[in-house]
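Chemist: could you look at this predicted model? Sequence included:
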Amino acid sequence: MGASKTDHFSPEQVEMSAIIKALGHPARLAILEHLLKVDSCVCGDIVDVIPLSQPTISQHLKELKMVGLIKGTVEGNSVCYCLNENIIEKLFTFIENIKSTLVAKFSCC
């Protein structure tokens, strides 16, 4: 979406759109699921469990970090990644609001 088009939407809508877009690749979902299981790890650990090259995993990690779904801290020569609970909570709240609105309506079309 072009920069001028985003002016028509709230900052929350723009942020949520970026988060959901980042989730639109199965490798990124697999990375999130892996981080959920292990709490935190380095890129090399992810390469061992997801059948993609290290540069590809690094690019997916970059995309997830850019929207805030994960965070990383430097540990020696590598970065240790973990889920960002605050952004996950925002995503959950967004989806929960959709669900509760649907339940309140009862019918469609």
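Modeler: Now that the structure is in, tell me what you want to look at.

Chemist: low-confidence regions, the protein specifically.
Modeler: Across the chain, the ranges flagged by pLDDT under 70 are 1-4, 106-109.

Chemist: please, where are all the strands along this structure?
Modeler: Ranges of strands in the chain, per DSSP state E, are 40-42, 70-75, 78-83.

Chemist: next, format those strands as CSV and append mean neighbour count and distance to residue 29.
Modeler: C-beta coordinates here come from the backbone N, C-alpha and C atoms, glycine included. Output for the strands of the chain, formatted as CSV (neighbours: other CB atoms under 10 Å; distance: least, CB to CB, whole Å):
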stretch, mean neighbour count, distance to residue 29
strand 40-42, 16, 16
strand 70-75, 14, 12
strand 78-83, 17, 12
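
Chemist: dump these to a markdown table, plus distance to residue 89.
Modeler: A markdown table is the format used below for the strands of the chain (distance: least, CB to CB, whole Å):
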| stretch | distance to residue 89 |
| --- | --- |
| strand 40-42 | 18 |
| strand 70-75 | 14 |
| strand 78-83 | 10 |
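
Chemist: just so I know, which of the ones you listed lies nearest residue 20?
Modeler: With CB to CB as the criterion, residue 20 lies closest to strand 70-75 of the strands of the chain, at 15.2 Å.

Chemist: run through who's touching the closest one.
Modeler: 31-32, 35, 42, 61, 64-65, 79-84 (CB atoms under 8 Å, 6 or more residues apart in numbering).
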